[in-house]
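Colleague: Here's my sequence, what's the structure:
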Amino acid sequence: MNSSKPRKQRKFRSNAPLHIKQHFVHAHIDKTLKEKLNIKKRAIELRRGDTVKIMSGKYKGKTGKVLKVILKDAKVHIEGIVRKNSRGKEIPIPISASNLYIIDLDLTDKLRKEKLGLE
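Modeller: This next block holds a predicted model:
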């Protein structure tokens, strides 16, 4: 994206194809975890099963596991972060990936380990 105009930035983010929207759901990694696993990157793509901490907003300081990553909206659902709807059912609150901080990674997937250079 070359433009600095907010209108064009919003248009780019909403109309981007999914392979580009994947980059919008990256979050920073805890420094100790980064050193322990010897990861060179500052931010990694969020996946279901990762443990994250919310860094800003109403739920700042709370931690939980990622339940769902929604690429279309570039939002994440976190375990325990819910609200009640008018019928009394609990609904997960979508949170932007930019407000999250990865505390622990889910490394059960071999491809993810390979991608991070852990194998």
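Colleague: buried ones in the biggest strand by length in the chain?
Modeller: Criterion DSSP state E: the longest strand present in the chain is strand 75-84. Of the residues in strand 75-84, 75-78, 81 count as buried by neighbour count, 16 or more other CB atoms under 10 Å. From N, CA and C alone the C-beta is placed, and that goes for glycine too.
Colleague: What helices and strands are in contact with that strand?
Modeller: strand 51-54, strand 63-70, strand 90-96 (3 or more CB pairs under 8 Å, 6 or more residues apart in numbering; DSSP states H and E).
Colleague: switch to 7 Å and redo it
Modeller: strand 63-70, strand 90-96 (3 or more CB pairs under 7 Å, 6 or more residues apart in numbering; DSSP states H and E).
Colleague: Quick check: what element follows the last one along the chain?
Modeller: Moving toward the C-terminus from strand 90-96, the first helix or strand encountered (DSSP states H and E) is strand 100-104.
Colleague: ok, Gly64 touching Glu79?
Modeller: Yes: at 4.1 Å, Gly64 counts as touching Glu79 under the criterion of CB atoms under 7 Å.
Colleague: Can you give me the buried ones in the host helix or strand of Ile20?
Modeller: Assigned by DSSP H and E, Ile20 belongs to helix 18-21. Buried residues in helix 18-21, counted by 16+ other CB under 10 Å: Lys21.
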